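Student: Quick one, what's the 3D model for this:
(one chain, ligands or ions: 1)
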Amino acid sequence: MSAFDPVLGQVRAAEKVVFVTGAGISQESGIPTFRGRDGLWRNHDAMKLATIGAFEENPKLVWEWYAERRKNILAALPNPGHAAVAELERYMVVSVLTQNVDGLHQRAGSSEVLELHGSIIRTRCTSCDFIQEIPSGLQGSPPLCRCGCMLRPDVVWFGEELPQDVWKKAVNIASGCDFMIVAGTSLEVSPANMLPVEAKRNGATLVEINPDVTPMSSEMDLTIREKCSVVLPELVSAFS
Ligand code: APR
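Tutor: Purely as a prediction, here's the structure:
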């Protein structure tokens, strides 16, 4: 008996399973979520630090916040939730649309991961089109690009547009899917929180995995009030 039993028939019949994931799936890898009691760093509100305004006002502080998070993320390991998402590819076609910038889905082995909010592992120039994976030992807080301007984390801050190519592809995948699992996201942040709406509008079955209620819980075909690392391996077991 698994929490997914009520929808197993739909999963089996689906051409593709699409995951929309958020900070909750990485929480069990030791990476703090954004909202709630985890969302403070040196007494700064994470919501306020993740803005272009904060970077312009205090680039050193914002760079240091990201540098510390990057260090923790690189030291963290994918957990059984990430591993189950990757393992599901043995049985069906899977796409992952993630708001996470931590790269843990890719490290767990998922092959199609769309990073809606960029990647903390990359940096890009605030002025020219230079972009790279951050080499270890990069000096400066923030470091300077070869063009002389400041580098910044290659992430999407509040008030910024999502990378349009990634976003368009994600909307296509969401609106064309017949089964979507929304795992570990508060669905508070737009436009990512529109992906389940798109899927629902096109008749997809929607499942939510989250210990807490979200604004879309009542729209779900099934809500599983559990942790990702507990429930996602159960889904894989149903196929193995
Ligand atoms: N398993 C499943 N869900 C969990 C777990 C877990 N182990 N632990 C926590 N959660 C849930 C919380 O109940 C919460 O609803 O994960 C959700 C995390 O919500 P947020 O912290 O708001 O993270 P997310 O939805 O990813 O935020 C979206 O906001 O700050 C920005 O750009 C940032 O990508 C981020 C975006």
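Student: Buried ones in stretch 144-154, by neighbour count?
Tutor: Across stretch 144-154, burial judged by 16 or more other CB atoms under 10 Å covers 145, 150-154. Using the backbone N, CA and C atoms, a C-beta is placed for each residue, glycine as well.
Student: in this structure, which spans are helices?
Tutor: Applying DSSP state H to the chain gives helices spanning 8-13, 23-27, 46-49, 52-57, 59-75, 80-87, 104-108, 164-175, 195-201, 228-237.
Student: Which strands and helices lie in contact with the second one?
Tutor: Same thing as helix 23-27. Contact analysis of helix 23-27 by 3 or more CB pairs under 8 Å, 6 or more residues apart in numbering; DSSP states H and E lists helix 80-87 as its packing neighbours.
Student: Now do the helix it packs on and helix 228-237, the angle between them.
Tutor: Counting by axes from the mean of the first three to the mean of the last three CA atoms, to 10 degrees, helix 80-87 lies at 30 degrees to helix 228-237.
Student: wait, does helix 80-87 contact the ligand?
Tutor: No. Figure legend: helix 80-87 not in contact with the ligand (CB under 6 Å from any ligand atom); closest approach 6.8 Å.
Student: Pull the distance from that helix to the chain's centre.
Tutor: In this view, helix 80-87 has its centroid 14 Å away from the chain centroid, taken as CA atoms, centre = their mean, to the nearest Å.
Student: Kindly report the same for stretch 217-227.
Tutor: For stretch 217-227, the distance to the chain centre is 18 Å (CA atoms, centre = their mean).
Student: Just the C-alphas of stretch 224-240, formatted as CSV.
Tutor: What follows is stretch 224-240, C-alpha atoms only, in CSV (Å, rounded to 0.1, in the frame of the first residue of the first chain):
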residue,chain,number,x,y,z
ILE,A,224,0.0,13.7,0.2
ARG,A,225,1.0,15.3,3.5
GLU,A,226,4.4,13.7,3.8
LYS,A,227,8.0,14.4,3.1
CYS,A,228,9.3,13.9,-0.5
SER,A,229,12.0,11.5,0.7
VAL,A,230,9.4,9.2,2.2
VAL,A,231,6.8,9.3,-0.5
LEU,A,232,8.7,9.5,-3.8
PRO,A,233,10.6,6.2,-3.2
GLU,A,234,7.1,4.6,-2.6
LEU,A,235,6.1,5.7,-6.1
VAL,A,236,9.2,4.0,-7.7
SER,A,237,8.6,0.8,-5.6
ALA,A,238,5.1,0.6,-7.2
PHE,A,239,6.8,0.1,-10.6
SER,A,240,9.8,-2.0,-9.7
